[in-house]
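>>> prediction below, plus the sequence it came from.
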Amino acid sequence: MEQQRQSIENEEQGYITGVLLYTIFHNEQEHFSIAKIKVKDTNEDYKEKDIVAKGYFANLQEDKTYRFYGSFERHSKFGMQYKVTSYQTVIPDTKDGLIAYLSSDMFYGIGKKTAKRIVGHLGENAISKILNNKDVLHDIPGIKHDKAELLVKSLQENQGFEHIVVHLSKYGIGLKMAQKIYQKYKDEALQILQEDPYQYVFDIEGFGFQKADEIARQSGLSLTHPNRLGAGSIYVLQKSIQDGHVFIPLDTCLKQVVNLLYHSNEKLSEKDIADRLMELNKEKKVIIQNGNVYLPSLYYAEDGFASNLKRLITKPIENTATLAELMKIIGQIEEEEILSYGKEQFSAINQSLDSKVTIVTGGPGTGKTTVIKGILKAYAAIHDVALDIKEYVKRADYPFILTAPTGRAAKRLNESTGLPAVTIHRLLGWDGKDGFEKNQQEPLTGKFLIVDEFSMVDIWLANNLFKAVPDDMQVLLVGDEDQLPSVGPGQVLSDLLSSELIPFVSLNEVYRQKEGSKIIQLAHTIKNNACSSGSLKNDKDFSFIHCHEQQMIDVITKIYSRASSKGIDIQDIQVLAPMYRSQAGITLINKELQELVNPKTKTKREVKAANDVVFRVGDKVIQLVNQPEDHVYNGDIGEVAAIFTEDENIENVEQLVVSFDGKEVVYERKDYINIMHAYCISIHKSQGSEFPIVILPVVSTYNRMLRKNLLYTAITRSKQSLIICGEENAFLRGVRTLDTNKRYTSLKEQLVERLQGIETKPAVDEEEKVITPYDFM
Ligand SMILES: Nc1ncnc2c1ncn2[C@@H]1O[C@H](COP(=O)(O)OP(=O)(O)OP(=O)(O)O)[C@@H](O)[C@H]1O
């Protein structure tokens, strides 16, 4: 092992030393540059005077001398190039060179005069003298303390980064990754690598476990070293979060870790891993409970959520109405709304007003929104409070809080109720990194909290939300349990329902169907596992266009063109697909639809982002991450409103402005990864949103993505018209395929442990469980 390491370090690397003449291309976001170099010296077999070098660089400057390590590569169009794997600045060894170097842009505040003075005092070895002892600068007259400190810092950073780049390149770590590592650890990067390379896996996005393992072995770390076993275990647990798990059963965990750490030279037993897991358990780096292994953040999220639920439901409710009073109030609301609530709907209203925490669940068109409105009006009547926020002098006195996990869902809730509604992140005051402003110490103010689209809420967010709910607040959770579970870990809604410990009402009667909606009918047929070929007959709001994968793009673009020629606003059309790659995948559909809907013109501005993506003014785009500081959230859809070149704004950077319903957000090049085209978006991203017209491609190559809850979620996103294109067999197979990927969660058990025996209001989905006035009608 040691021998191997020595040979890596001593290997004579190919290099070219040269002066950077000019930069041909520079990508700010990726730090990727292509530059023309005047060759001064090389150990490569290269006789030309100059060469084009390309690679990832921190901060290359024209006229500076660098030593580039790498290899030659012939480009089909541009000929011979030098592909750089690492580099370092060559510090000039003449007095004049040194003065030019120190007075360059790299060192802020050092002009030619000061540089001359430094070199005059310290000589040709000025830089190493300063790096060895920064006090040498204090003896030079005319150099103020601040300036000296800044110079030392810049020198250290340059030297430090390059030193780290050179060292990391020996392990095959490229410049791009080296930059991320340097940004995170600064000068400690190599020390950390030496002591525990596995730490990189957990701290640096995209740093693979295998790479850390390879480095650990090159550094002589044994295959059974506790760091290796511990890192392998935590890595397996972290990976499992991507599949929505909250824990992994111990035996499954042991098998997965042994598999990950398998090496032909050393047989690791499950016992070795189990012993290490026990140690990690003692150190509180994992939690082992009832034979399951958790990462602490997930264990405490479930634990915290269950405790807060218990705290809430064991506190009394103030002022509920008697059944007779409620009947009277409901009668008045029915008159105002010109409708008559169904039995389940009445139960839902009654239950929600009468319990500390209630769940109302139901498919599309079953009246969830109608019930929310009924509850709000009835609460206002019972408690004699106004619904209109304008009637309150202090916002804190307003009793209602309406929230949802996504911006679009919150907006819909606001539109359907006419009351203010915000995202859960905004409600809790998420600062973007450290956590939420609202918690036990700083709870929410209000009396009645309604959370819509609760199926999308993961266990972390549920825990943070419930922490902030004060004792005297009532909570209503609304959601559709047949939709996709949350993207994050857990299946909170479905665990709450299956525990049967929290009062819930299932709305099953479909009201919108009565208005003749085929979309709703299809959704319920899928929900009830009764979908067949006959369910797919065209209707006024539904069509199934039969086509193959190769014809998909053509079919979708034709639908768009036809819709546009009929005067339909194409902004109302949304294509939803399950996956990015494939002939009928999101990436390709977006590309084609952009060409059709928003083609290149002479006057329209555009910018090129990574992977050949072009953003053009007028493009429909979707936000991919939460950006609370700008009030835009994952899944928000907007339009590119403007593009500014770097000389058109005071920041001197290229800017792309996206308008999200009139709210403008500015993106610099480095932020372009936070948006993508939205002519076609993934079904996962469409959760919580609705669109007037949905086009849903379904082909057999989507394969394992074709599952009931995914297709159900897609279909229920359409409000006026649904067009499914593709293969009928694939669709029918999909809606009959249940998601067998069981999520490991223990919320139900946590609830049973805490809540069993505690009197909450009974569940009322079964007829005999509750008697309402409707039973006597
Ligand atoms: N009791 C009722 N009598 C008459 N119409 C009703 C009743 N309940 C709901 N509706 C109507 O049915 C339609 C669907 O109701 P609502 O929007 O409340 O359902 P939803 O479950 O929120 O639907 P979705 O999840 O699709 O948004 C609405 O037009 C609503 O006015």
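Arrived safely.

>>> who in the stretch 301-450 of the chain is up against the ligand?
The stretch 301-450 of the chain comes close to the ligand at residues 339-342, 345, 362, 364-370, as judged by CB under 6 Å from any ligand atom. Using the backbone N, CA and C atoms, a C-beta is placed for each residue, glycine as well.

>>> verify the contact between Leu522 and Lys537 for me.
No: assessed by CB atoms under 8 Å, Leu522 is found out of contact with Lys537, at 10.0 Å.

>>> most residues in a single helix of this structure, which one?
If you go by DSSP state H, the chain has its longest helix at helix 145-169.

>>> immediately after that helix, which helix or strand?
The helix or strand immediately downstream of helix 145-169 is helix 175-185, counting by DSSP states H and E.

>>> list the buried residues for that next one?
Buried residues in helix 175-185, counted by 16 or more other CB atoms under 10 Å: 175, 177-182, 184-185.

>>> can you name every helix or strand that that helix contacts?
Applying 3 or more CB pairs under 8 Å, 6 or more residues apart in numbering; DSSP states H and E, one finds that helix 175-185 contacts strand 50-56, strand 79-89, helix 145-169, helix 189-195, helix 198-203.

>>> in TSV: those, plus distance to Arg743, mean pLDDT and mean neighbour count.
Compiled in TSV, the helices and strands packed on helix 175-185 are given as follows (distance: least, CB to CB, whole Å; pLDDT from 0 to 100; neighbours: other CB atoms under 10 Å):
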stretch	distance to Arg743	mean pLDDT	mean neighbour count
strand 50-56	39	89	20
strand 79-89	42	85	19
helix 145-169	38	80	17
helix 189-195	34	87	16
helix 198-203	23	88	19
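
>>> now these as JSON lines including distance to Ser682?
Below are the helices and strands packed on helix 175-185 laid out as JSON lines (distance: least, CB to CB, whole Å):
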{"stretch": "strand 50-56", "distance to Ser682": "30"}
{"stretch": "strand 79-89", "distance to Ser682": "35"}
{"stretch": "helix 145-169", "distance to Ser682": "35"}
{"stretch": "helix 189-195", "distance to Ser682": "36"}
{"stretch": "helix 198-203", "distance to Ser682": "27"}
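
>>> Leu522 and Lys537 - which one has more neighbours?
Leu522 (26 against 10; other CB atoms under 10 Å).

>>> hang on, the earlier thing: closest to the ligand out of the helices and strands packed on helix 175-185?
Of all the helices and strands packed on helix 175-185, helix 198-203 sits nearest to the ligand, with 40.2 Å by CB to the nearest ligand atom.

>>> please export the C-alpha coordinates of the next helix-or-strand element following the closest one as CSV.
Next along the chain after helix 198-203, taking DSSP H and E as the criterion, comes helix 209-218. Output of helix 209-218 as CSV, limited to C-alpha atoms (Å, rounded to 0.1, in the frame of the first residue of the first chain):
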residue,chain,number,x,y,z
PHE,A,209,-18.0,7.0,-1.1
GLN,A,210,-15.8,4.8,-3.4
LYS,A,211,-13.4,7.7,-4.0
ALA,A,212,-13.0,8.3,-0.3
ASP,A,213,-12.5,4.5,0.2
GLU,A,214,-9.8,4.5,-2.5
ILE,A,215,-8.0,7.4,-0.9
ALA,A,216,-8.2,5.8,2.5
ARG,A,217,-6.6,2.7,1.1
GLN,A,218,-3.8,4.7,-0.6
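
>>> and the helix or strand that helix 209-218 is followed by, what's buried?
Downstream of helix 209-218, the first helix or strand assigned by DSSP H and E is helix 226-241. Within helix 226-241, the residues that count as buried by 16+ other CB under 10 Å are 227-237, 240-241.

>>> and those, which is closest to the ligand?
Nearest to the ligand among the buried residues of helix 226-241, counting by CB to the nearest ligand atom, is Ile241 at 28.9 Å.

>>> ok, for the closest one, nearest residue in space, not its chain neighbours?
Leaving aside its sequence neighbours, Ile241 sits nearest to Pro489 (CB to CB, 6 or more residues apart in numbering; 5.1 Å).

>>> what residue ranges in the chain score low on pLDDT?
For the chain, the stretches with pLDDT under 70 are 1-12, 28-31, 58-59, 265, 319, 432-434, 512-515, 650-652, 759-777.

>>> so which bits of it are right by the ligand?
Within the chain, the positions adjacent to the ligand are 339-342, 345, 362, 364-370, 511-512 by CB under 6 Å from any ligand atom.

>>> weed out the non-buried ones from those.
341-342, 345, 362, 364-370, 511-512.

>>> sort out for me which of these are in helices.
Mapping those onto helices (DSSP H) picks out 345, 368-370.

>>> from Val640, how far off is Val505?
As for Val505, its distance to Val640 is 44 Å (criterion: CB to CB, to the nearest Å).

>>> buried residues, stretch 546-561. List them.
Neighbour counts using 16+ other CB under 10 Å place 547, 549, 551-553, 555-557, 559-560 of stretch 546-561 among the buried residues.

>>> circling back: quick one: which of the residues of the stretch 301-450 of the chain next to the ligand is nearest Cys680?
Nearest to Cys680 among those is Pro364, at 22.0 Å by CB to CB.

>>> my read: Leu122 touches Ser128, true?
No: assessed by CB under 8 Å, Leu122 is found out of contact with Ser128, at 9.3 Å.

>>> the two: which has the busier surroundings?
It is Leu122, of Leu122 and Ser128, that has more neighbours when counted by other CB under 10 Å, with 18 against 13.

>>> check which helix or strand the residue nearest to that one when sequence neighbours are not counted maps to.
In space, and not counting its chain neighbours, Leu122 is closest to Lys129: 5.0 Å by CB to CB, 6+ apart. Using DSSP H and E, Lys129 sits in helix 126-132.

>>> what residues does that helix touch?
The set of residues external to helix 126-132 that reach it, using CB atoms under 8 Å, 6 or more residues apart in numbering, is 91, 98, 102, 118-119, 122-123, 136-137, 151-152, 155-156, 159.

>>> the residue nearest to Ile241: how many residues sit nearby?
Neighbour count for Pro489, taken as other CB under 10 Å: 26.

>>> likewise for Ile204?
17.

>>> any idea how far the residue of the stretch 601-750 of the chain found nearest the ligand is from Asp482?
Using CB to the nearest ligand atom, the closest approach of the stretch 601-750 of the chain to the ligand is made by Thr716 at 6.6 Å. Distance, Thr716 to Asp482, using CB to CB: 9 Å.

>>> can you pull out the strands in the stretch 501-650 of the chain?
Taking DSSP state E, counting those that start in this stretch as the test, the strands found in the stretch 501-650 of the chain are 504-507, 542-546, 573-577, 606-608, 614-616, 620-623, 637-644.

>>> out of these, which gets nearest to Leu747?
Closest approach to Leu747 among the strands of the stretch 501-650 of the chain is made by strand 504-507 (14.7 Å; CB to CB).
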